[in-house]
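would you be able to build a 3D model of this:
(chains A, B, C and D)
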Protein chains: 4
Amino acid sequence: MKRYWGEIKDPVHGYVYITEPEKEIIDSFPVQRLRRLRQLAGAEYVYPSANHTRFEHSIGVMYLAGILSENPNLSQHLSEDEPQILRIAALLHDVGHGPFSHIFEHLLQKFLDKTHEDMTTWVIQKSELSDTLNSLGYDPKMIGKLAVGMLHRSSRAFMDQVIRSAVDVDKLDFIVRDTYHTGAEYGYVDIFRLIHMLDVIDENLAVDLGALSALESFILARIESFKSIYFHRVGRAAQIMIAMAMEEAKDELGLVDFKSTEGYLALNDYTVWTMLKSCEKVRGIMENLERRKLLKCAFDQTFYVRDKTVSSIFSVEEIRNQVRDKIASEVDIDPCLVVIDVPTLPSVPYRHSVLLEPMEIPVFNKTRDGKKVPQRLSDVSKIFDVLKGFINIIRVYTVEEHREKVGSAAAKLLGEIPSSAKVSY
Amino acid sequence: MKRYWGEIKDPVHGYVYITEPEKEIIDSFPVQRLRRLRQLAGAEYVYPSANHTRFEHSIGVMYLAGILSENPNLSQHLSEDEPQILRIAALLHDVGHGPFSHIFEHLLQKFLDKTHEDMTTWVIQKSELSDTLNSLGYDPKMIGKLAVGMLHRSSRAFMDQVIRSAVDVDKLDFIVRDTYHTGAEYGYVDIFRLIHMLDVIDENLAVDLGALSALESFILARIESFKSIYFHRVGRAAQIMIAMAMEEAKDELGLVDFKSTEGYLALNDYTVWTMLKSCEKVRGIMENLERRKLLKCAFDQTFYVRDKTVSSIFSVEEIRNQVRDKIASEVDIDPCLVVIDVPTLPSVPYRHSVLLEPMEIPVFNKTRDGKKVPQRLSDVSKIFDVLKGFINIIRVYTVEEHREKVGSAAAKLLGEIPSSAKVSY
Amino acid sequence: MKRYWGEIKDPVHGYVYITEPEKEIIDSFPVQRLRRLRQLAGAEYVYPSANHTRFEHSIGVMYLAGILSENPNLSQHLSEDEPQILRIAALLHDVGHGPFSHIFEHLLQKFLDKTHEDMTTWVIQKSELSDTLNSLGYDPKMIGKLAVGMLHRSSRAFMDQVIRSAVDVDKLDFIVRDTYHTGAEYGYVDIFRLIHMLDVIDENLAVDLGALSALESFILARIESFKSIYFHRVGRAAQIMIAMAMEEAKDELGLVDFKSTEGYLALNDYTVWTMLKSCEKVRGIMENLERRKLLKCAFDQTFYVRDKTVSSIFSVEEIRNQVRDKIASEVDIDPCLVVIDVPTLPSVPYRHSVLLEPMEIPVFNKTRDGKKVPQRLSDVSKIFDVLKGFINIIRVYTVEEHREKVGSAAAKLLGEIPSSAKVSY
Amino acid sequence: MKRYWGEIKDPVHGYVYITEPEKEIIDSFPVQRLRRLRQLAGAEYVYPSANHTRFEHSIGVMYLAGILSENPNLSQHLSEDEPQILRIAALLHDVGHGPFSHIFEHLLQKFLDKTHEDMTTWVIQKSELSDTLNSLGYDPKMIGKLAVGMLHRSSRAFMDQVIRSAVDVDKLDFIVRDTYHTGAEYGYVDIFRLIHMLDVIDENLAVDLGALSALESFILARIESFKSIYFHRVGRAAQIMIAMAMEEAKDELGLVDFKSTEGYLALNDYTVWTMLKSCEKVRGIMENLERRKLLKCAFDQTFYVRDKTVSSIFSVEEIRNQVRDKIASEVDIDPCLVVIDVPTLPSVPYRHSVLLEPMEIPVFNKTRDGKKVPQRLSDVSKIFDVLKGFINIIRVYTVEEHREKVGSAAAKLLGEIPSSAKVSY
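Here you go, the predicted model:
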């Protein structure tokens, strides 16, 4: 790796040493812009200190990519340049996020049929980052794909998996960082043990079962963080309100009309919040947010089903709208005062919910003579076997004054969920 | 509560303020002796820093009993004196421990048919502590029972449960403290949320489901700590060796011949280690311990069964001995070179394993109008539903040179465990 | 105190329990606005994670005011209502801050002759907060003064000093919080020992010398934080640039033309950053900030003098301008490319620099019979005796390309500082 | 460096990876014995959790020696083997300590004219460690000298200074570790910044002034730790009692009669505590210790003088004895009930007190073109200039019942210290 240019002090990881090329990339506009994208928009209404941004997270992810690259199990498969390439890709993995991160992704998906990963690749390949990377000798096309874990190098799936998999450096950073800044205490996971016990089997990253305790802790931490931070009832109310405001003001403010990466990157939490405040149409929502008058949760049901049937039903917008309309008519209020919220939905998408899709983390046992024997994690971890399933949450939000009536109407309508599915986490 | 005499600085809880009576009890010989009983004998062979003692743990438990007593849900049920009484009982809950804590309990049970709780009650009622308590106006008889959660006051089960239940102040202290001193990272649990969300339903302590995330984290932390600290393969080897040495040297050193609390309390880690070293018969074991030449684990199988059948089989010493003899004869070595280790056994008892018995933690939901509705934790927490079962571990230890042969013999003999039971945590 | 409404989880202090009135005040617009005022504007260019805001700080200060109110030394002097009043005043102590906190104070002072404390009193007394306080039964006039430590109750100076003194709850919170979020490690001070060892002597808060170690650590932590965080060479460059941008754009954007508290409170980091970006005149500065092209420090001299002479010289803007012009003409560049920066100046004021004024913290010794004997801290602490003096820092900033020449010119001009004054901390 | 054998989890430093040779040395008896030597004997009477041992400290020092060896400033001067050699020397730097560490050193010095460093060299060169080192290809003679910083290689003073200097890896480990296990909070120092900013000037280790804040924090941390941990009034009382017991029982127990390293190494905290308890002559002292009936401090004066005169007076045992006798006769009690305690004395020696000798830490400034300009730390750090002086503490201890009278007598006799010298830290 290139010589270090200097160091950055991070409260989570300590000193992060950065190279000259990294320094130059960090100081580019698309990366510096991440300072004005909060990591957990909405969560600050539950955890006031949760004001960390995608900027420090990105540096943390770069750092962990470096640590993982030094793991001999992996480094033996890497060329001399690849550790640096992995670090750069990790650094850039979030440059495509829009204002309020996952909340804006809702608009991206609904109106442009894009995810933030699509935007990341686009920004890397088409903004000034492309020039910078070129001038430093890196291929923007390749970095753009690797940054979202879609390089698809033949026989080298592990490269993508460093950035994007069930135990990638992105998740390993945010599980600890989100805990640090929220104070929520669910994410103190021994991530360095996990990193140290990753190995390459065939072409895939896999976890040595010697780290099974750390892995199980990590999985539970993700679920508890999901329930307590990412999908917290109150934080979620704030997210929904911001999403509503952005969607309503979309045309007037031209939020999805950008033509270039420059246009897109001009959007950040600061500018969009300011724009929304000045937009007559949604001023009411913004003023409520600025007085913490949030939507109230009138109905909240968590249930557990292994198969996808129940959750799929609610992933269809029409069905959700029908349910919404039915509740509203029952209570006799404007349907726009009722919001059906389902985390497994792309409606207000949340990347973290990816966890909740059935997943199988590759694991293996090392025999005494050093052979690595792949295992099914479900077979060796009863905990995982349970946790890998779905959490389905259905919530109905409304304004304070209609809370009770909407709650009753929702219970009447939605209370019929089969009791076998009611067992929650 | 009485005015504070002063404070003790604890790295885990910060400042612990203590009253005059507490000060006097802390400075008694039976409590000061706890400075020479390590909390996790054997664990230091895995985690070198795990040298904390029952002394600071006892102060921590007293502290948490005080915090819990201030929880309004509980305090409304307490008389003016009871917070102080609960703190004193908590302070004394471990005074009955023998050298190397749970390892000595093996001898207590096998030769005297006593548990360390029996000894705690005995020490409180029959040592100088009795005089001290009397002079301070407390009833040693009552404190002696409360300290082990066996006061059995009519309609006041919660008093005992503060000290001894699935979520008692003992476990809440050691889960965090053991993590702090080992560095194992599995026990950073939000114990203050748990304490704050405890309530009394009928006469029992119950957890408000608003703290479900903290509760699930606590349960997983206990299991991961069990696997990684208390029942770690290597630490366990050291425990077995100390247990063997004490059992073999028992008669020569008169380890279980004490007639008075004074005689019992003269035994501690320092004196017994020194005695064992000077005892010809077990010098070999001690010298191996002092060079970290530990028994090796030749066979290790963890399996999960809800019912007690499998684990029960191995709880019978005769059966274990048969298995041991069979393995030894197969390999043609002295049976004393083979140790069958099963954590659910009382043979080398481990208080922490109590967790592993099926248990049901009382929980409840608070409705919007403040009514508390009891729930079954298994119904609302899929995680708990799994975790409450048994972990069964069967291990076969032997000396290094016979490791491979013993391993094969054990696999042949014990490999037949039905695969349906092999699903482990 | 009133019953608790609920709790807030703070990563620094843990659970902060809040009362109904506090909840209502927290949810007001002027307090919620603090979410959009960063605590350490500019510091994020050195410490990327330093994104915490005045909002969580204010809650932390309220929390510590409550802890201090429970200290028996103080509580015996308080009426039943005063703990709640102190907590509310602490909560509101920063509501008068402008965008980028101390950086905007520069404009306040220069153009309106106001400090942020003046604004705090004004906001409390003239915004919606006044109605809220009134409706809750509190006197906005009184709270407005107490919040800035200027209540001046006869014989009750300690009330003000809880909020504003050398060891007040404001400083005790931020010393730890700034360390937590920057990762700078200089501020892990035992603030609870300090709070516990505060007492009232005559009418003043004073520190029991039993906490001398904690006090000395606190003082050093403040100085090291000053050098490494608040007045860090790089963070300072960012602050200067924001100050320059705001000053230049002031008239065009009407930054100091507000007529009401509403007008003032509309300004926050989000809105002002967005306004500055859209202002042609200062776009250059903003674009540089958004690419981390910061002013460079060409000359940096720290020296130590007890008397005020040297520092006073530079507190006169005319003198600073002369020096600036002289350097610029020597190098033959536009004077606006040279910035003379002196922390003890009000020019770009920094509240933390208050520390650097000579101060004497009241301390006392407790004799064995409980008498409190006042002492001079300088007499008992050699460390304090040194630290209480001035740090004088003179820096000259310029753009990168002129760095060397400006550095030489500055050295020539300013290098003559008497060597006796050169001894720095 | 050799491939890693495995890792050790340390709560202070995280994972410590160890090589095969290190593993073998760690598992030797002289190193494993350190598990039974507490790091801070006596301190547990103030900080109950301070039960950490020289064992984990030694592993921590080895770890930091490795980190420092990787610092490019140093590594460029090291041969391929030297990082491993430095780690081994660091690992062994404390193997010569006797029971209760520095307390036993009192006997070593008084009766054998040896320090613990002498013993370290002796143990490395004459115990089984010598064979182990030889068989691994390391020279016990060289390691034995390097382990105490007395290798004295020509032009390579930095080798010794890694192990023993004002900013060596020993001090860097214990400043943090002692804070961690006591909870005292004075030692959270950014030691990694210090290690990263060490460099070699001529042949000496020197600190880059870019780490001046970390260095000043380190120096203050050492002083506050000295006052609050190592030389705490109460912990010191316990140390004195153990020292008295060992000295009185010395002949009967043959504590200094060992003829071989084996004989010496048989002494540890466990064995000597047990021996002392069984020794009639000192049973009284031990029983007092076991009930925390400690000597009381009747007189305590801290004063500050730069020159050595005052402290030197008390370093002469005869003079201390005279003072003791005079106080005893004044009060009319047995002189053996009075103890004069002075930390700068070798009487009950304390290695940490080395700090308190005037010292000058080599520092340097890096100019913009990379030249390193040596500086005098006193010139650039006013803080250091003060702190490098002496703390002189004179204490008079006695039993509780005579506390007051002895206090008065001591004040009369010792109160005459010139007020100019009374200014303390």
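
tell me who's in contact with the residue of the stretch 301-425 of chain A at minimum distance from chain C.
Going by CB to the nearest CB, chain C is nearest to residue A:400 of the stretch 301-425 of chain A, at 12.5 Å. C-beta: built from backbone N, CA, C; applies to glycine. Residue A:400 makes contacts with A:293, A:296, as judged by CB atoms under 8 Å, 6 or more residues apart in numbering or on different chains.

next one, pLDDT for it please.
Listed pLDDT for residue A:400 reads 94.

phi and psi next, for it.
Backbone torsions of residue A:400, given as degrees, to the nearest 10, read phi -50, psi -50.

if I look at it, how far off is residue D:380?
Separation of residue A:400 from residue D:380 (CB to CB, to the nearest Å): 61 Å.

in a strand, residue A:9, correct?
Yes. Counting by DSSP: H, G, I helix; E, B strand; the rest coil, one finds residue A:9 located in a strand.

helix, strand, or coil at the most far-flung residue of chain A relative to its centre?
In terms of distance from the mean C-alpha position of chain A, residue A:369 ranks first, at 39.6 Å (CA atoms, centre = their mean). Assigned with three-state DSSP, residue A:369 falls in the coil class.

what's the following helix or strand after the host helix or strand of residue A:314?
Per DSSP states H and E: residue A:314 is located in helix A:309-315. Per DSSP H and E, the first helix or strand lying C-terminal to helix A:309-315 is helix A:317-331.

identify the residues contacting that following helix?
A:313-314, A:334-335, A:337-340, A:342, A:345, A:347, A:396, A:402, A:405-406, A:409-410, A:412-414.

for chain C, what's its nearest residue on the stretch 101-250 of chain A.
residue A:183 (3.2 Å).

I'd guessed that residue sits against residue C:11; true?
Yes. Using CB atoms under 8 Å, residue A:183 makes contact with residue C:11 at a distance of 3.2 Å.

overlap of the contact sets of those two?
Residues within reach of residue A:183 and of residue C:11 at once, by CB under 8 Å, 6+ apart, are A:47, A:49.

what's the first-to-last distance across stretch A:187-197?
End-to-end distance of stretch A:187-197 (CA to CA, to the nearest Å): 19 Å.

so that stretch, near chain D or not?
Yes. Contact between stretch A:187-197 and chain D, assessed by CB under 8 Å from any CB of the partner chain, occurs at A:192, A:193, A:196.

any part of that stretch near chain B?
Yes. Applying CB under 8 Å from any CB, one finds stretch A:187-197 touching chain B at A:188, A:189, A:190.

isn't residue A:4 up against residue A:16?
No. At 10.0 Å, residue A:4 and residue A:16 do not qualify as touching, with contact defined as CB under 8 Å.

which residues does residue A:82 contact?
A:69, A:159.

do the same with residue A:103
Counting by CB under 8 Å, 6+ apart, residue A:103 has contacts A:41, A:42, A:239, A:242, A:243, A:246, A:348.

I'd like the residues of stretch A:187-197 next to chain D as CSV, with distance to chain C, secondary structure and pLDDT appended.
CSV is the format used below for the residues of stretch A:187-197 next to chain D (distance: CB to the nearest CB, whole Å; DSSP: H, G, I helix; E, B strand; the rest coil; pLDDT from 0 to 100):
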residue, distance to chain C, secondary structure, pLDDT
A:192, 17, helix, 94
A:193, 22, helix, 94
A:196, 23, helix, 95
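
who wins for most neighbours among those?
Counting neighbours by other CB atoms under 10 Å in any protein chain shown, the top entry in these is residue A:193, with 24 neighbours.

how close does it get to residue C:227?
37 Å.

residue A:8 now?
Separation of residue A:8 from residue C:227 (CB to CB) stands at 18 Å.

how about residue A:106?
Counting by CB to CB, the gap from residue A:106 to residue C:227 is 45 Å.

try residue A:230
38 Å.

now the helices for the stretch 101-250 of chain A?
Applying DSSP state H, counting those that start in this stretch to the stretch 101-250 of chain A gives helices spanning A:102-112, A:116-126, A:128-136, A:140-146, A:157-163, A:169-182, A:191-196, A:212-225, A:233-253.
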